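> My questions are about this predicted structure, shown below with the sequence.
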Amino acid sequence: MQFLDWITNETFTTSNGLKYTYRNICLQYNHECFQNKHARLVAEIFYHNHTAYFNVTYPLFKSQLLVEPIDLSQVLGGIQVDSSRRIKKAKAWMILYQLQENTELSRKLSLDFESSLSNRVEEQSVPADLFNLYYFHSDVFEMELSKSSRSIIPKFAYTIFLLIAFSIFCTLSTITDHHLPDNLNSFLLINWLTSKPLMGLIGVISTFFAIISTIGLLQLFHVPFVDIIILMPFLSLSYFLR
């Protein structure tokens, strides 16, 4: 309950110094914000231990205080019920916050609200000590892609080093002369006359030049760059190695 009130009443500040709350950008119906009243009602019943007075059944919760039954399958998850379909335990609780995007200002404030609330959840600076919080919003996919791209960039140095080492190793040839002395036959000798390590290095460099030139040409024609392209090799490897 404290967490629901905190989201509704907490004041957020944009980078321009503009202060706002959820009530300023919420999607309204009959001049009221959508505040998860169905989830709040169920939470109050279990918080005050009033389950003996309310027959909270799953998936539909019917009560004389309600005009229509509440579909709890869209609110609760990991449900355990008794023989009468009454809820005994729930492991997940989903709450929704719908925002306005009908004007440019409301769209910017909504994006800032999503970003600010996500940062506070990650920093654990929200009043939610008794449960774990997870978030999902309209921009979370792009945020996670950008975060993954930044975390993968330092690993490219190791990847390039291994690629160059493998390319050079594949161009090396060994000496297979049986007329060598016996003390040298037990060693792996590289034939530097037929080996071409520079060709392997040049092959890697030319491949990088081709990739950079292609990206530059596409940028010249204003083709948008998609972040997931950077992650595709790692996603493919993780799929086949899982």
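Looks like it arrived, so ask away.

> What's the separation between residue 114 and residue 40?
Note on residue 114: its distance to residue 40, by Cβ to Cβ, to the nearest Å, is 21 Å. To be clear about C-beta, it is placed using only N, CA and C from the backbone, and glycine gets the same treatment.

> The two: who's more crowded?
Relative neighbour count places residue 114 above the other of residue 114 and residue 40, with 19 against 15, counting by other Cβ atoms under 10 Å.

> thought residue 76 was touching residue 90?
Yes. Under the criterion of Cβ atoms under 8 Å, residue 76 is in contact with residue 90, at a separation of 4.4 Å.

> Can you tell me the SS state at residue 134?
Classification of residue 134 using DSSP: H, G, I helix; E, B strand; the rest coil returns coil.

> Would you map out the domains in the chain?
Annotated domains of the chain cover 1-139, 145-176+188-241 [the TED database].

> For this structure, name the helix or strand with the lowest mean pLDDT.
Among the secondary structure pieces of the chain, namely its helices and strands, helix 182-185 has the lowest mean (mean pLDDT, DSSP states H and E), a mean of 56.

> Can you name the next helix or strand after that one?
Downstream of helix 182-185, the first helix or strand assigned by DSSP states H and E is helix 197-220.

> and among the domains of the chain, the most buried is which?
For the domains of the chain, average neighbour numbers computed from mean count of other Cβ atoms under 10 Å are highest in domain 1-139, which has a mean of 13.

> State the mean pLDDT of that one.
What domain 1-139 shows for mean pLDDT is 83.

> If anything else comes up later, I'll come back, but that's it for now.
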